[in-house]
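the sequence isn't on hand, but the structure is:
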């Protein structure tokens, strides 16, 4: 089993994700520079948080054109597991791997704090270790986390049970309290909250770790040891 | 003959110009004159303050490092590098960019020392928020710190925000950064090895920030001036790439020395690197990447464009280094070489535009500034307690104090800062000190900034000592052993003897307090000329301090944890209300003397609490500061966002025979409130007795109210609403 953490110029949660996979989940992990044009036998790709290219334009709008993204899209289309966290979620939206878009937070400020999430769907490779309806405590840290999708798209998300996490108290104005979604095939997850920031008890919450643990379990069940 | 108008516009005096001619043995060229003007400015060369900075101790309980641009300590095999720096004048002119580039500049000082930045703190001071421009400044500064720090991925974990009338017209933005590396990986800011190439790396050079350190930062604000062009513009994305490229470059082992181009830009970095290495240097300005055409040599030498550095690399390795910077889409260009001798030679467009002995540039003259105790101080120190009416309703006073912007919760601010990135922050902002884990070890690092400038105004020597003592106390309350200090010395115009008297006394206060507490001052910065037509700022020697936790699991937060714990007050409450927030907010007076401080008693108190925490006896610890005992108790009850805990206080036989307002809101020093189980309360009392520290069991945690001995009775909900609701914009 091998994890990859994609590094864009301006990624800043790359080391954090790497740390959690290596030191807490205890699985092999490598950084993948955004200029790479091929992927070397990875089983799960993490698109980390941060400010790719400074996000001076719309978040993730430039990163989406990095050479590695062609490969990430191919990998996802073949059923590989991809998780985009925060800026990574924004990149996946820009790349069209997930539906919808991000607006600025309703209060027009950056928001960094712990929030409570409700687990809506445990039937994905990323959330099987939770109980449906479970309330978990995970921090957010973003300027543009106000998720938006048109009416038809929202109906689609609901119909296919693609909403994985909802905010208990909506911090940013996200439509329908959406904090995290999967694609229809359920192999691509995008979420604004940072599970890597709540995977060790020293950081006051381990509620994010089951996401990594779910992935490990899923990969193992699918023949990756 | 150079016209006086020219050198005066550059901020040089007649005498300084005379000295420059004497050094050069001829009339200086325009480029040379510009270079002297920035290097001899107070901001770079410290000509007025340097004499007193020698008083600071440089050694303490951990081995210390005092480098060219920053300093730190060694803990086991880790070097912890940290420094605080001011960006006051630019922030007053253009708050967002001023604060942003302040953060950028201090972080560059850390990673050019070879340390990866792991945390930032910011000490901010503004005039009253009733004035629209002060609100504009507060919002702009917070926005700038958030914009820059968040993008970089360095968590902003703490600091302070303080309000006083004296900062109207000249706000203070003091940014502190902390980084870590293996002790053998520390980099120096010096050039060496004749023939080694000098590389310019990072962003390109423009006309922004010309004269930032000399024309802007080394003069008072006067009416109707337009100084915005002297403020630099920040690009945090480039800085983030620069951090990564620099860490990769240093890891090659091919770097001889590296220095940030901060204040005074290329002039400072080239001259000081050469001077520190005792070598000469020749640079060619035609090779400097420019972002606009038609720049003059002096503009290139003085520009304070951000996100640039100078690197001296080993001969033959320049291509390898260039490749790293190109990977990050940054410039990496050889612009010169280390030469024989000790001169800095600058060429541009086929001509030699400057040739100066680096020592003459880098070692600004030292002035003996006249100082005099101001006549108005005795009058200010006079405070007849009988003239201060006792408030009838103590509940009302407590609520007013909790709503005072200096005391109110700063959640609105720190939630705009990413304070968790790098997954090291184990005690989040909102407690006495922020605590970071040092990954791969059991150890932790605590950090805080402190200064009550009203105390310094009333009694500079003691006020500065209190700033040191309180910073250490905050660290102790979090479970850390105070280890080392950085400072940012913010004062008014040093050419005025009363301002300089304050400077001198504060420096002496810091030096003596640090010696007494065995703390080295490893780095720092001086910011003078902080005054406007409204007058000078309060003397503000901001103290940044770090402490070490032997065991991160022994960290303690300030808030009560659960019902049924015993509340213990350590230290003595005296009849002191001079300089207090209470006196200012309720009686609109800044008067009296700063609270007393006995460093021996302070040490005994800190030892008691440190030992109690190490023995696992303590559930919470919080020091009494602005707003006194009542505010400290309220904060213990309500500062945990997830859970508030009530308290019932009854002094009983421990009731000091002093005025009620002094008891509740006086700011006597060397006091800490701890909570613990009943069994451990006895052990804490025994420890206190051993150390001869006054210790009173004053109550227990219970209920949904804060009740203080029939004087105060308020529901927690009311306290929380007031304290959290007062600081939202």
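Sure, I can see it. Remember, it's a predicted structure, so these values are computed and weren't measured experimentally.

gap between the two ends of stretch B:123-133?
19 Å (Cα to Cα, to the nearest Å).

residues in contact with it?
Applying Cβ atoms under 8 Å, 6 or more residues apart in numbering or on different chains, the contact partners of stretch B:123-133 are B:84, B:134-135, B:137-138, B:141-142, B:159-169, B:171-174, B:176, B:405, B:449-451, B:453, B:488, B:537, B:540, B:542, B:544. Quick note: C-beta positions are derived from backbone N, CA and C, even for glycine.

what about the top helix by length along chain A and chain B, any contact?
As assigned by DSSP state H, the longest helix anywhere in chain A is helix A:209-221. No - using Cβ under 8 Å from any Cβ of the partner chain, helix A:209-221 never reaches chain B; the gap is at least 12.0 Å.

and that helix, what's its mean pLDDT?
Per-residue pLDDT over helix A:209-221 has a mean of 97.

what's it packed up against?
Under the contact criterion of 3 or more Cβ pairs under 8 Å, 6 or more residues apart in numbering or on different chains; DSSP states H and E, helix A:209-221 touches strand A:81-85.

show me what whatever helix or strand comes next after the strand it packs on is packed against.
Scanning forward in sequence from strand A:81-85 by DSSP states H and E, the next helix or strand is helix A:87-94. Helix A:87-94 sits against strand A:44-47, strand A:81-85, strand A:101-103, strand A:188-191, with contacts defined as 3+ Cβ pairs under 8 Å, 6+ apart.

excluding chain neighbours, what is closest to residue 161?
Using chain A here. residue A:121 (5.4 Å; Cβ to Cβ, 6 or more residues apart in numbering or on different chains).

meant chain B, my bad for not saying
residue B:124 (4.8 Å).

and that neighbour, which of the three is it?
strand (DSSP: H, G, I helix; E, B strand; the rest coil).

count of neighbours near it?
As a burial measure, residue B:124 scores 26 neighbours (other Cβ atoms under 10 Å in any protein chain shown).

need the per-residue pLDDT for it.
On the pLDDT scale, residue B:124 gets 98.

returning to what we had before: give the buried residues for the longest helix of chain A.
By 16 or more other Cβ atoms under 10 Å in any protein chain shown, the buried positions in helix A:209-221 come out as A:209-216, A:218-219.

list just the nearest of those residues to chain B.
Of all the buried residues of helix A:209-221, residue A:209 has the smallest distance to chain B: 12.0 Å, by Cβ to the nearest Cβ.

which bits of the stretch 1-150 of chain B sit near chain A?
Contacts of the stretch 1-150 of chain B with chain A, taken as Cβ under 8 Å from any Cβ, map to B:146, B:150.

phi, psi for the residue of the stretch 1-150 of chain B found nearest chain A please.
Closest approach between the stretch 1-150 of chain B and chain A, counting by Cβ to the nearest Cβ: residue B:146, at 5.1 Å. Backbone torsions of residue B:146, given as degrees, to the nearest 10, read phi -70, psi -50.

circling back to that earlier point, for residue B:603, state which of the buried residues of helix A:209-221 is nearest.
Closest to residue B:603 out of the buried residues of helix A:209-221 is residue A:209 (42.5 Å), distances taken as Cβ to Cβ.

surely that closest one is in contact with residue A:24?
Yes - counting by Cβ atoms under 8 Å, residue A:209 touches residue A:24, with 6.6 Å between them.

what residues are shared contacts of the two?
A:199-200.

before we move on, back to that, what would the helices and strands packed on helix A:87-94 look like in TSV with distance to chain B, mean neighbour count and mean pLDDT?
Shown next, in TSV, are the helices and strands packed on helix A:87-94 (distance: least, Cβ to the nearest Cβ, whole Å; neighbours: other Cβ atoms under 10 Å in any protein chain shown; pLDDT from 0 to 100):
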stretch	distance to chain B	mean neighbour count	mean pLDDT
strand A:44-47	14	28	98
strand A:81-85	12	27	98
strand A:101-103	16	19	96
strand A:188-191	16	28	98
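
kindly reformat these as TSV and extend each row with distance to residue B:566.
What follows is the helices and strands packed on helix A:87-94, written out as TSV (distance: least, Cβ to Cβ, whole Å):
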stretch	distance to residue B:566
strand A:44-47	47
strand A:81-85	44
strand A:101-103	50
strand A:188-191	43
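
nearest to residue B:220, of these?
Smallest distance to residue B:220 across those (Cβ to Cβ): 44.7 Å, for strand A:101-103.

quick one, grab the pLDDT at residue B:215.
Looking at residue B:215, its pLDDT is 63.

beta-bridge partners for the residue nearest to residue B:161, please?
residue B:161, residue B:173 (DSSP bridges).

what do you get for residue B:448?
Assessed by DSSP bridges, residue B:448 has beta-bridge partners residue B:545.

what sits up against the helix or strand hosting residue B:33?
If you go by DSSP H and E, residue B:33 is part of helix B:30-39. Helix B:30-39 has contacts (Cβ under 8 Å, 6+ apart) with B:2, B:6-7, B:10-12, B:16, B:20, B:24, B:28, B:44-45, B:211, B:213-214, B:263-265, B:267-268, B:271, B:296-298, B:301-302, B:346, B:348, B:353-356, B:361-362, B:364.

just the ones of the residues you listed in strands?
B:346, B:348, B:353-356 (DSSP state E).

mind listing the strands for the stretch 251-400 of chain B?
Using DSSP state E, counting those that start in this stretch, the strands of the stretch 251-400 of chain B run over residues B:255-260, B:280-284, B:308-313, B:331-339, B:343-348, B:351-357.

do the same with the stretch 401-550 of chain B
Along the stretch 401-550 of chain B, counting by DSSP E, counting those that start in this stretch, strands occupy B:425-427, B:434-437, B:444-450, B:481-490, B:521-527, B:531-532, B:535-536, B:540-549.

the stretch 551-700 of chain B now?
Remark: strands assigned in the stretch 551-700 of chain B by DSSP E, counting those that start in this stretch are B:566-570, B:620-623, B:647-649, B:672-676, B:695-701.

may I see the ones you listed organised as a markdown table, with distance to chain A added?
Output for the strands of the stretch 551-700 of chain B, formatted as a markdown table (distance: least, Cβ to the nearest Cβ, whole Å):
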| stretch | distance to chain A |
| --- | --- |
| strand B:566-570 | 24 |
| strand B:620-623 | 15 |
| strand B:647-649 | 23 |
| strand B:672-676 | 19 |
| strand B:695-701 | 21 |
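
where does the chain dip in pLDDT?
Looking at chain A here, since you left the chain open. For chain A, applying pLDDT under 70 flags no range at all.

right idea, wrong chain: chain B
Chain B contains residues with pLDDT under 70 at B:1, B:209, B:211-218, B:222-230.

quick check: residues of it near chain A?
Selection of chain B residues close to chain A by Cβ under 8 Å from any Cβ yields B:146, B:150-153, B:235-238, B:240-241, B:244, B:328-329, B:414-423, B:425-426, B:428, B:437, B:439, B:552.

among these, the buried ones, what's the ChimeraX command?
One line in ChimeraX is enough to select the buried ones among the residues of chain B next to chain A; burial here means 16+ other Cβ under 10 Å:
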select /B:146,150,151,152,153,235,236,237,238,240,241,244,328,414,415,416,417,418,419,420,421,422,423,425,426,428,437,552
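
all helices of the stretch 251-400 of chain B, in order?
Using DSSP state H, counting those that start in this stretch, the helices found in the stretch 251-400 of chain B span residues B:265-277, B:297-302, B:318-327, B:358-362, B:376-381, B:394-403.

actually chain A, not the one I wrote
Under DSSP H, chain A gives helices at A:14-19, A:67-77, A:87-94, A:151-159, A:209-221.

tell me the most buried of those helices?
Of those, the one with the most neighbours on average (mean count of other Cβ atoms under 10 Å in any protein chain shown) is helix A:87-94, at a mean of 28.

who's in contact with that one?
Here helix A:87-94 makes contact (Cβ under 8 Å, 6+ apart) with A:6, A:8, A:11, A:13, A:46-52, A:55, A:58-61, A:63-64, A:69, A:82, A:84, A:98-102, A:142, A:144, A:180, A:188, A:190-192.
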